[in-house]
Structures are given as structure tokens and as C-alpha cells.
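Trainee: Just the structure for this:
(one chain, ligands or ions: 1)
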Amino acid sequence: MSRPKALVTRPLFPAARAILDLNFDVEYWTQPERISRAELLRRVADKDAFVCLLTEKADEELLAAAPKLRIVSTVSVGYDNIDVPACTRRKVVATNTPGVLDETTADFAWTLLMAIARRLVEGDAWLRSGTWPGWDLDQLLGGDIWEKTLGIIGFGRIGREVARRALGFRMRVLYHSRSRVPVEIEKELHAEYVPLESLLREADFVTLHVPLSPETRHLISTPQFEKMKRTAYLINTARGPVVDEAALVDALERKLIAGAALDVYEHEPKVHPALIPRKDVILAPHLGSASIETRTKMAVMAATNAAALFEGKRPPNALNPEALGL
Ligand code: NAP
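Mentor: Numbering: from 1, shown residues only. Next up, the predicted model:
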């Protein structure tokens, strides 16, 4: 019997390949450059499964180009690259990789928070320039982190792990999310639910952990920057378009906030050119979940989701189980 065919847009990791190779005739895209859209549409045409990264869009056009497709499995928790309603209409299951990257991404949000508050990247650049004259009392003074107020927007899996880490810094933790979490979780994490406006006014650090959706696009723009403390920092490890990048540039120029540390960009991989020379900004190249352990788990999870469907099981992380007729 012929096996189902899968297109995978990266070679992934051996543990994930082992699952895929056992279940599919797999075509891996192995070139160092990203697969072009035209090549993607051509190669996906005869496939039953598509394992993709957040950089590939599974939209109407792709679904129309792949009439046999039964599953789109993204190696990411964010699934704004997939048109889930379009998948459902065509009975294509969409899956993501929730849970396995919470700790690693929360660690990275903290990496950025600490680095911007303590001016680490600026200091590193100074030292490497060969012009650092040695220790002095008033050099590169940053802001304290401990006992400050942390504002978390989006209190899901990652947002809560960010809050857990704040306990060690004896911070006051405010959160705003679509829905309030059970009171036991608030108590465990010493987190207080507040309206978005209060969070923006009170937080010394505002960190974003919402998914990208029509409701969260430009959630942080000029009116929000105007409410923030002049000494506050913005940290974005969610998705670039959650922040209006031009408004961020304007806010920094007007000194509405003290700085920003970004992992994601509105027009990735492009970054607003006015951010590049700024010392009050840290720019990371989308590293949130980038540990070898976590990326391996994500790839294995994506492979397992794809394989499950062809073993007659419900993929563990189906975003639209209704596509299975359940
Ligand atoms: P999650 O568990 O679904 O949490 C998202 C939270 O945001 C939920 O509490 C959700 O509320 C809330 N939310 C949704 N829409 C909102 C809105 N309009 N206003 C306020 N709150 C809203 O997701 P997660 O696993 O923590 O991941 C969050 C996002 O982080 C992902 O979607 C992804 O884009 C991003 N991410 C980035 C990286 C990176 O490499 N930088 C790594 C991992 C994840 P409900 O509970 O009501 O749904």
C-alpha cells in the first residue's frame, strides 16, 4: 500500500525525522535558504501532510494548491501563519505545539527584561569598542528590577511562567488578559488582575504574551505608550504586529518610555530602520523558544501530530477538531 506523502520545510531534528520517516514518504526542504512561495506551492500539490514553520503561510491559496492535504502541522505554538477557518472548511486539520516551549520562552522574556534594564548590550558594545575607561560610579546606570512592578499582557501558558519567575525578584505582578484566571492561580503566582489601562499606568516593565489575532494587532500603539511610565520598558516576545512599530519609534523619540527589548517584528525579518541605531532598544532575532531541547520537543510534537492522523487517531494538538468530523 502506498504511504501518505508529507512535505516538511526544514530537515527538523533526527528525533522528529524518525517519526515522520516511519509514517510518510517525506520530502524535506534542505536548502539553507527558505523555500520560496512558488516552490512551496509546487511541492505541496500532491501531499497529504504539510509540516511547516511559522514563516510559511498555510492560507486559502496553499490549501487550494494541495487538494489531497489532510493536515497542516506548524512547528510553533503561535498559529497566525495558518488560516484555521479555511482549513476547517476544507476538512484539513491544523495543529500547533503548545506547552513545550513555555519555560524556555518565559526565560527569554526575562533575558530581555534584565538585559534592557541593566543596559547589558550597550555595555558589551562599549567594551568591545576599546573605549571603556574602567569602572566609574555613574556609568551606564540602569533601573532596578527587584521589587518593581511587572505588567503581563496575555496570561496564558507563557505569561504565567513569566509571572512565576518574578516571585524570586519580589516583584508586584499585574496581569491583563482576555479572561481572568482562577483565583488559586492568582494566589500561587501573586498576580493581580487589572484593566489594561491600569497595567500600562503602573507597570515598570510591560511584557507581551498574547497571540496575534485581529484583536491584538497594534494592541500597543501611541495611546498605550502615552499611558506608560516614562521610566517603563516594553518587552515583546509575542508577535511583532502586536506592537505598532512606527508608534514605538515615535514613543522612544518622544521619551514616552525608557526603552524596549524586542524578539519579534512587525514585518519580520525587516526591522524598522529607526530602531537599529538606538541604544535604548535591544533587538533579538526571534529567539524565544530557541534552545536545542525545546526546539527538538517542538519538532517531535509537530511530527507526532501529523503521524497521529494517518494512524487513525485524533492529533493531540488539533486546533480545529471539527475538521475531523468530531
Ligand atoms: P496561550 O496559552 O494561548 O496564552 C495567550 C493568552 O493571551 C491567553 O491567556 C489569552 O486569553 C490571551 N489573549 C488572547 N487574546 C487576547 C486579547 N485580545 N486581549 C488580551 N488577552 C488575550 O498562548 P502561549 O502558549 O502563552 O503563547 C502566546 C504567544 O506567544 C503565541 O501565540 C506566540 O505568538 C508567542 N510566542 C512567541 C515565541 C517566540 O519565539 N518569541 C515563542 C512562543 C510563543 P484566553 O485564555 O481567553 O484565550
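
Trainee: For the ligand, tell me whether stretch 221-232 is touching it.
Mentor: No. Using Cβ under 6 Å from any ligand atom, stretch 221-232 stays clear of the ligand, coming no nearer than 12.3 Å. All C-beta spots, glycine's among them, are computed from the backbone N, C-alpha and C.

Trainee: what's the spacing between the residue of the stretch 201-326 of the chain found nearest the ligand and residue 21?
Mentor: Residue of the stretch 201-326 of the chain nearest the ligand, by Cβ to the nearest ligand atom: residue 288 (2.4 Å). Residue 288 sits 28 Å away from residue 21 when distances are taken as Cβ to Cβ, to the nearest Å.

Trainee: Between the two, which is the more surrounded one?
Mentor: When residue 288 and residue 21 are compared for neighbours, residue 288 comes out ahead with 25 against 14, by other Cβ atoms under 10 Å.

Trainee: Now do the SS call for the more buried one.
Mentor: coil (DSSP: H, G, I helix; E, B strand; the rest coil).

Trainee: any idea of the pLDDT on it?
Mentor: Here, the pLDDT recorded for residue 288 equals 98.

Trainee: swap in residue 326?
Mentor: At residue 326, pLDDT is 63.

Trainee: in the stretch 51-200 of the chain, which spans are helices?
Mentor: For the stretch 51-200 of the chain, the helices defined by DSSP state H, counting those that start in this stretch cover 60-65, 84-89, 102-117, 120-128, 157-166, 183-189, 196-202.

Trainee: Give me the distance between the longest one and the centre of its chain.
Mentor: In this view, helix 102-117 has its centroid 12 Å away from the chain centroid, taken as Cα atoms, centre = their mean, to the nearest Å.

Trainee: Same question for stretch 72-80.
Mentor: Centre-to-centre, stretch 72-80 and its host chain are 11 Å apart (Cα atoms, centre = their mean).

Trainee: just stretch 216-224 next, same as before
Mentor: Here stretch 216-224 is found 17 Å from its chain centre; the criterion is Cα atoms, centre = their mean.
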